[in-house]
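S.K.: fold the following, please.
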Amino acid sequence: MDDKFHEECGVFGVCGDANAVMHTAIGLCALQHRGQESCGVAADDGREVTRVCSSGSPAALMSESAFGTLRGNLAVGHVRYSTVGDTGLQNAQPIVMDCPQGQMALCHNGQIVNFDELKEEIDPLGPIWRTTSDSELVLQLCRVSREKDAASAIVEAVARISGAFSMVLLANHELIVARDPHGFRPLCMGHLNDAVVVCSETCALDAVGAQYIRDIEPGEITAIGADGIRILRQSPAPTKTHCVFEHVYFARPDSYIFGVNVGAVRARLGSNLARESPVDADVIVPIPESGMWAALGYQEDSGLPLRLGLVRNPYMGRSFIHPDPDKRASITHLKVNAMPSVLGGKRVVLIDDSIVRGTTMTKIVELVRRAGATEVHVRIASPPPVAPCFYGINTSTTAELIAATQSVSAICRTIGADSLSYLSLQGLLDAVGHTHGDYCTACYTGNYGVRRPRTAGHHDFVGVQDIKRAA
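M.R.: Coordinates of the predicted model:
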């Protein structure tokens with residue numbers, strides 16, 4: 001549904017495959033839940049790097065006539081989600097740039113928190129900025145680097161940036177991958193016959209028939225080329241800070257993220273929620289599709305029957321998000337409809353993974369009541385988000401978060417429910433399995449384990465409108 005956090009992108013790369021371009025496009029289709037506003041593919045044919053980008057989903061990309069002109073056994077691709085006012089093809093990735101070390105193409109998932117400082121430092125050296133995205137900074141750092149070869153320039157650039165990033169690049173006829181030292185965003189590696197595939201989620205490996213090898217480790221920079229795989233740098237932080245919201249909402253349930261199956265985690269979230277917040281009711285109803293797996297866990301632990309009382313219109317995707325919150329809420333009925341035959345005369349437990357702004361949940365509770373429900377009890381399979389994220393999620397102010405300004409009881413009244421309960425932070429951490437690594441929970445606690453951007457996520461460009469976050 002619309003009332004969600006949104007992450008900006010997913011990345012995909014292939015090295016050593018004659019069908020690298022098509023496999024990249026297929027991989028992007030598997031990752032389109034991570035971004036549906038723009039997408040792109042760049043390929044290296046041994047002479048030059050060329051790219052094709054398109055608005056919308058990867059299906060739109062493959063319909064572009066220019067897509068068939070891409071050649072090469074090296075390719076990278078990107079799907080993107082952005083804030084309002086920052087959705088144009090100007091910021092579509094891959095970003096391709098001529099650097100002193102040769103042509104480079106970059107795909108980035110995350111956010112660079114020291115963007116402003118580094119931009120001020122290198123601007124006197126004469127870079128001409130092509131986008132309003134912080135992702136471009138990596139290539140601009142390579143342009144001003146004194147390193148002679150591409151791999152060394154990329155290692156130097158990555159060593160200077162802070163924040164959250166999982167990147168795939170084409171440079172010097174190699175695929176270079178990099179992940180931030182804290183491991184905020186997922187990045188994994190697989191093999192497809194003799195080719196190597198790198199992508200944001202394992203579901204994209206499955207889509208092209210690749211076999212999972214391992215995750216790219218936090219702080220790892222690795223080059224993949226004709227000479228094999230070589231690790232250029234390993235500099236992990238003392239502790240990991242995986243984004244816990246990958247498990248709550250971002251990733252596909254069939255993916256393995258940070259070593260754990262996402263669907264299984266979400267079922268445990270629902271099970272823990274049932275134990276923490278039981279309710280005397282007749283039926284459990286998941287909010288599609290985000291509440292489905294938690295509802296299964298809630299049903300298993302509570303013993304209440306689960307019914308599909310809400311139907312989602314599959315033709316209304318994230319691309320139909322309106323910039324005006326009031327208008328965004330008013331079109332909720334176009335995306336989901338309630339079934340009186342299931343809900344009429346019932347005490348309903350509505351299950352979802354999160355409430356961010358509260359606008360969509362208010363409309364859904366209203367729909368359920370109109371369908372004849374006698375009681376509506378909302379249960380959320382994560383804690384209330386009270387602080388903005390500066391590591392690749394589209395919140396930059398507490399004003400965007402209803403839980404930052406209202407108590408749980410006040411939110412309950414706002415959305416019109418008979419009761420409202422959230423999963424506890426401990427219940428969340430127990431579900432993801434803390435033994436698999438440490439998680440960033442800043443959006444739930446306000447405790448940031450990694451530095452925040454100097455300007456709280458707003459990057460100012462001369463002659464270009466401000467953006468709230470970068471791709």
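S.K.: go through this structure and flag its longest helix.
M.R.: Scanning the chain for the helix with the most residues, using DSSP state H, yields helix 262-276.
S.K.: what comes into contact with the helix or strand following that one?
M.R.: Sequence order places strand 283-286 as the next helix or strand after helix 262-276, per DSSP states H and E. Residues from elsewhere that reach strand 283-286, judged by C-beta atoms under 8 Å, 6 or more residues apart in numbering: 292, 294-296, 298-299, 302, 304-310, 342-343, 346-352, 368. Every C-beta, even on glycine, is put in place using the N, C-alpha and C of the backbone.
S.K.: and for stretch 266-279?
M.R.: Residues from elsewhere that reach stretch 266-279 (C-beta under 8 Å, 6+ apart): 247-248, 253, 293-302, 349, 351, 353, 377, 379-382, 419, 421-424, 427-428, 430-431.
S.K.: got a PyMOL select line for the buried ones in the residues you listed?
M.R.: Selecting only the buried entries of those in PyMOL, with 16 or more other C-beta atoms under 10 Å as the criterion:
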select buried, resi 247+248+253+293+294+295+296+297+298+299+301+302+349+351+353+377+379+380+381+382+419+421+422+423+424+427+428+431
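S.K.: chain center to the one helix or strand residue 156 maps to: distance?
M.R.: Secondary structure assigned from DSSP H and E places residue 156 in helix 150-160. Distance of helix 150-160 from the chain centroid (C-alpha atoms, centre = their mean, to the nearest Å) equals 25 Å.
S.K.: helix or strand right after that helix?
M.R.: Using DSSP H and E, the helix or strand that follows helix 150-160 towards the C-terminus is strand 163-171.
S.K.: which elements pack onto that next one?
M.R.: Packing partners of strand 163-171 (3 or more C-beta pairs under 8 Å, 6 or more residues apart in numbering; DSSP states H and E): strand 9-15, strand 38-44, strand 74-80, strand 102-112, helix 150-160, strand 174-179.
S.K.: now the angle from the last one to strand 102-112?
M.R.: This points to strand 174-179. Counting by axes from the mean of the first three to the mean of the last three C-alpha atoms, to 10 degrees, strand 174-179 lies at 10 degrees to strand 102-112.
S.K.: neighbouring strands of strand 174-179 in the sheet, and parallel or not?
M.R.: strand 163-171 (antiparallel), strand 220-225 (antiparallel) (DSSP bridges).
S.K.: tell me the average confidence for the helix or strand following that strand?
M.R.: Counting by DSSP H and E, the element after strand 174-179 in chain order, helix or strand, is strand 188-192. Mean per-residue pLDDT for strand 188-192: 98.
S.K.: same check, this time on stretch 143-163
M.R.: pLDDT averaged over stretch 143-163 gives 96.
S.K.: for it, how far is the first residue from the last?
M.R.: 21 Å (C-alpha to C-alpha, to the nearest Å).
S.K.: okay, now the domains of the chain?
M.R.: Taking automatic domain parsing as the reference, the chain has its domains at 9-241+457-467, 262-437.
S.K.: save those as TSV, and put in distance to residue 447 too.
M.R.: What follows is these, written out as TSV (distance: least, C-beta to C-beta, whole Å):
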stretch	distance to residue 447
domain 9-241+457-467	11
domain 262-437	8
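S.K.: so which of these comes closest to residue 444?
M.R.: Closest of the domains of the chain to residue 444 is domain 262-437, at 4.4 Å (criterion: C-beta to C-beta).
S.K.: all strands of the stretch 201-350 of the chain, in order?
M.R.: 211-215, 220-225, 228-234, 242-243, 256-257, 260-261, 283-286, 310-312, 336-338, 347-352 (DSSP state E, counting those that start in this stretch).
S.K.: distance to residue 51 added to these, as a markdown table?
M.R.: Output for the strands of the stretch 201-350 of the chain, formatted as a markdown table (distance: least, C-beta to C-beta, whole Å):
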| stretch | distance to residue 51 |
| --- | --- |
| strand 211-215 | 27 |
| strand 220-225 | 19 |
| strand 228-234 | 24 |
| strand 242-243 | 28 |
| strand 256-257 | 28 |
| strand 260-261 | 34 |
| strand 283-286 | 40 |
| strand 310-312 | 34 |
| strand 336-338 | 37 |
| strand 347-352 | 38 |
